[in-house]
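K.L.:
Based on what follows, work out the 3D shape:
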Amino acid sequence: MTILLTGTRAPATLDLARRLHKEGHRVIGADSMRFPLGSFSNALSAHYRLPSPRFERDAFVEAIIRIVTDEGVTLLWPTCEEVFHIAAAHEELSDYVRILCVPLSQLEPLHHKLKFARLAGLYAPESWAPEDAPSDRELIWKPCYSRFSVRTRIGSPPPSTAGWMAQAFVKGEEFSSWALCIDGEVRTLTFYDCPARAGRGAGCAFEPLWDESAALFVENFAAARKFTGSIAFDFIRSPDGHFKVIECNPRLTSGLHVLEESVRLSELLDQRGVIPPPMVPAQLRVPTMFSNPLALGTSPDVISRDDDRGPSRGQFGAFAELSWNAIRYFQSLKSASTRDIEYNGD
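P.N.:
Okay, here's the model as predicted:
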């Protein structure tokens, strides 16, 4: 099988490419960055630079079709936020290749934070549109389209609340999940917490755990929507043991890192695996060194591999490109990392 992975800037996509290559598949990579992390990996037999899906969607879709045709791709696996742009062209792309995602009409409500909270119902904290938010509650304010907790505010609302939502503040321990689903069936599922984070948002060290009640929520949620692709949730467990689901990310996430490599991902495309699966801790060594030095070296590094040394060196080139984009567009590093691929309800 020849598999095209888009979003090769992400460590999770590098991890995915290595696993699929080890399982005997031909893996092609593509991204709109010049020097994405995954492009340095010997797990990829070829790598392509794409137009920006956010700013040049038609050209992006045309490039995907050209790669699929020229390389004989049998599966298109979007991994980062470009998934929404691929989902927008789902009908057109499906004429050429099998796509591991659902159309945008199903995907977008999971990405929009207020729409998702309403879909999750009682499992989510109380949530409001800005004009309905109570003034006597402790609230968290979030842009409805956002990622990595960028611009999230605790307490006071932003100066302009257009495009924002408010949510009741819930105290407790955060943990996250990642699942691979086919036609509503969860084929594998991981849970993990993050002893090290890059600021308030993305984790950089990952410790596996298991939560049976949260697993039941994930299974029911995916089944009700006949979901296909990656779906991930962030939870908060209160001191009394109950959880609330606070966010959905319908894409590949760091939850892949804690899945033991004995689990063959390509086999999960055809049949359900053992749940809970075997899981192991992992970390991104360089960001962990800066965010929580005490966690450094307590688990294997996702990036560094003796049989694939390119990404260890290449990560500094990828970071340099990201830093230049942050300076060029007057953005934080987190915002710059998704500027050209993010979907904001366009």
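K.L.:
Provide the backbone phi and psi angles at the closest residue to Ala63 other than its chain neighbours.
P.N.:
Leaving aside its chain neighbours, Ala63 sits nearest to Leu50 (5.1 Å; criterion: CB to CB, 6 or more residues apart in numbering). To be clear about C-beta, it is placed using only N, CA and C from the backbone, and glycine gets the same treatment. When quoted as degrees, to the nearest 10, the phi and psi of Leu50 stand at phi -100, psi 160.
K.L.:
So Leu50 versus Ser335, what's the distance?
P.N.:
Going from Leu50 to Ser335 by CB to CB, to the nearest Å gives 20 Å.
K.L.:
hang on, isn't Lys22 packed against Ser262?
P.N.:
No: taking contacts as CB atoms under 8 Å, Lys22 lies outside contact range of Ser262: 10.8 Å.
K.L.:
Compare those two (neighbour count), which wins?
P.N.:
Neighbour count, other CB atoms under 10 Å: between Lys22 and Ser262, Lys22 has more, with 14 against 8.
K.L.:
what secondary structure does the residue nearest to that one when sequence neighbours are not counted sit in?
P.N.:
Nearest non-adjacent residue to Lys22, counting by CB to CB, 6+ apart: Glu261, 7.4 Å away. Put simply, Glu261 is coil when judged by DSSP: H, G, I helix; E, B strand; the rest coil.
K.L.:
mind listing what Ser337 touches?
P.N.:
Residues near Ser337 by CB atoms under 8 Å, 6 or more residues apart in numbering: 9, 148, 322.
K.L.:
Counting neighbours, which of the residues you listed comes out on top?
P.N.:
Busiest of the contacts of Ser337 [other CB under 10 Å] is Arg9, holding 26 neighbours.
K.L.:
which of Leu50 and Ser335 has more neighbours?
P.N.:
Neighbour totals were compared for Leu50 and Ser335, and Leu50 leads with 23 against 18 (other CB under 10 Å).
K.L.:
burial count for the closest residue in space to Ala46 that isn't next to it in sequence?
P.N.:
In space, and not counting its chain neighbours, Ala46 is closest to Ile28: 5.1 Å by CB to CB, 6+ apart. Neighbourhood size, Ile28 [other CB under 10 Å]: 23.
K.L.:
Which helix or which strand is home to Ile28?
P.N.:
Under the criterion of DSSP states H and E, Ile28 resides in strand 26-31.
K.L.:
so what secondary structure elements neighbour that strand?
P.N.:
If you count contacts as 3 or more CB pairs under 8 Å, 6 or more residues apart in numbering; DSSP states H and E, strand 26-31 packs onto strand 2-6, helix 11-22, strand 46-49, helix 57-71.
K.L.:
returning to that earlier point: out of the contacts of Ser337, which is nearest to Ser304?
P.N.:
Ranked by distance to Ser304 (CB to CB), the contacts of Ser337 are led by Arg9 at 17.4 Å.
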